[in-house]
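1. Below: sequence and its predicted model.
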Amino acid sequence: MTHKQNKVDASSGSSFTEKLEQEAPQVWPGPKGMIPVTSGRADDANVHNRNYLDNILVEMRIIDAVKPDLTTEFFGKKYASPINLAAVSHLNKVLPDRSRKPMQEKVQAAKSQNVLNWIGMESNQDYAEIVKNSGDTVRIVKPFAEHEDIINELRFAQDLGALAVGMDIDHVPGEDGKYDVVDGINLGPVTFSDLRRYAHATSLPFVAKGVLSVQDALKARDAGASAIVVSHHHGRLPFGVPPLKMLPAIKEALADSNMTIFVDGSLMTGYDVYKAMAMGADGVLVGRAILSELLQAGQKATEEKIKLLNEQLSQMMLYTGIPDTKSFDSSVLHFN
Ligand SMILES: Cc1cc2nc3c(=O)[nH]c(=O)nc-3n(C[C@H](O)[C@H](O)[C@H](O)COP(=O)(O)O)c2cc1C
């Protein structure tokens, strides 16, 4: 994927991240230049996310509609909105100005807006620094080849007060068709019995992040996960089906399970968030929607972006007569 191809997505501030790639060492987890834009090629699942989202239209139900309440509960705790800040790792290593700490700025923005923050690949030492004085955290651990490292990170997060832990099970394959290697660390396959072990390694709720089929959703349930994220991890899977398109079947399959279903993937506005919620998500993760603001301008700009996303979500809920985040209704949606 080249820098030129990355210019496709104007809405996400790609020029700033492109500049960063030139100035800072390439430490992004994933193909060079993937973040936060799309290549425009058919094998790039982000393209299909965007097309799918943009072809959902919404009818209006304004009579009797009232200003909605966005409050949403996750893992027994209340947050200001169904929007969670996705795990976006390594951000403290990408700015030319190393005195800034975007990971900490993200944590503080989430805390000030009372939204739930997720943290991905970081060493235990860096994780401990990042969550100092933080709000609630969902800690997502990589599928390391070394299983004891996984258990160690899960338990470390529990000791530091994480609200939930989990694993991005969709980060097993590398682009070379072998098990991926991230920062020199080998990743490995995740069997059902591995997953069951991880899910029971702490007393915290366990999240299987990166579920994109009914089969995996049922396995995650049977392994003891309390939640899943329907996701393909910003397009790791070539030709990946849009998570939103998979959501209804997965939701139906898990209907009797009490599991929390998050979804992510190219949700760049509060309007996209609305569509994800209307299609049945209990909550959403936004990563790239906040990335430019976070990297370019830090905590305050990130807070403003969270406010904007909430305002757009609220506007759509008011237009469609949805009073709260438990009352979404997919019958307002029209698929072009
Ligand atoms: C810079 C960056 C780093 C990421 N690191 C992680 C990670 O360490 N663990 C993880 O589970 N997901 C990671 N993700 C994936 C996100 O959590 C999310 O699933 C994905 O970006 C899709 O959401 P989005 O389209 O809103 O960005 C990362 C994403 C980005 C952009």
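-> Yep, it's here.
2. average model confidence for stretch 275-286?
-> Computed over stretch 275-286, the mean pLDDT rounds to 98.
3. List of residues touching that stretch?
-> Residues from elsewhere that reach stretch 275-286 (C-beta atoms under 8 Å, 6 or more residues apart in numbering): 53, 56, 58, 72, 74, 82-87, 116, 118, 229-231, 244, 247-248, 251, 260-264, 267-268, 273, 309, 313, 320, 322, 325, 328-330, 332-333. Every C-beta, even on glycine, is put in place using the N, C-alpha and C of the backbone.
4. Quickly check: it near the ligand or not.
-> Yes. Applying C-beta under 6 Å from any ligand atom, one finds that stretch 275-286 is in contact with the ligand at L285, V286.
5. Show me how far that stretch is from its chain's centre.
-> The chain centroid and the centroid of stretch 275-286 are separated by 11 Å under C-alpha atoms, centre = their mean, to the nearest Å.
6. Offset the numbering so it begins at 24, please.
-> OK, 24 is where the count begins now, so the last one is stretch 298-309.
7. how far does it stretch from start to finish?
-> Between the start and the finish of stretch 298-309 there is a gap of 13 Å, counting by C-alpha to C-alpha, to the nearest Å.
8. returning to what we had before: just the buried ones out of the contacts of stretch 298-309, please.
-> If you count burial by 16 or more other C-beta atoms under 10 Å, the buried members of the contacts of stretch 298-309 come out as 76, 79, 95, 97, 105-110, 139, 141, 252-254, 267, 270, 274, 283-287, 290-291, 296, 332, 336, 343, 345, 348, 351, 355-356.
9. neighbours around T292, how many?
-> Each residue near T292 was counted by other C-beta atoms under 10 Å, and the total is 17.
10. how close does the closest residue in space to I153 that isn't next to it in sequence get to the ligand?
-> Closest residue to I153 apart from its sequence neighbours, by C-beta to C-beta, 6 or more residues apart in numbering: M126 at 4.6 Å. Relative to the ligand, M126 is positioned 11 Å away (criterion: C-beta to the nearest ligand atom, to the nearest Å).
11. show me which of the buried ones among the contacts of stretch 298-309 neighbour the ligand.
-> A109, A110, S254, D287, L290.
12. which residues does the first one contact?
-> Going by C-beta under 8 Å, 6+ apart, A109 touches W141, D287, L308, V309, G310.
13. Now render these as JSON lines, adding secondary structure.
-> JSON lines is the format used below for the contacts of A109 (DSSP: H, G, I helix; E, B strand; the rest coil):
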{"residue": "W141", "secondary structure": "strand"}
{"residue": "D287", "secondary structure": "coil"}
{"residue": "L308", "secondary structure": "strand"}
{"residue": "V309", "secondary structure": "strand"}
{"residue": "G310", "secondary structure": "coil"}
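14. Tell me the one among these nearest to the ligand.
-> The closest of the contacts of A109 to the ligand turns out to be G310 (C-beta to the nearest ligand atom; 2.8 Å).
15. what's the neighbour count on that closest one?
-> Burial of G310 is recorded as 23 neighbouring residues (other C-beta under 10 Å).
16. Distance of the closest residue to it other than its chain neighbours relative to F98?
-> Ranked by C-beta to C-beta, 6+ apart and with sequence neighbours excluded, the top spatial neighbour of G310 is A109, at 3.5 Å. With distances defined as C-beta to C-beta, to the nearest Å, the gap from A109 to F98 amounts to 16 Å.
17. And for H256?
-> When distance is defined by C-beta to C-beta, H256 is 22 Å away from F98.
18. Same check on D191?
-> 18 Å.
19. more neighbours, the two?
-> D191 (25 against 16).
20. Report pLDDT for the more buried one.
-> Each residue has a pLDDT score; the one for D191 is 98.
21. Would you check that it makes contact with V234?
-> No. Judged on C-beta atoms under 8 Å, D191 makes no contact with V234 at a distance of 10.4 Å.
22. mind checking the backbone torsions on L93?
-> Phi and psi for L93, reported as degrees, to the nearest 10, are phi -90, psi 0.
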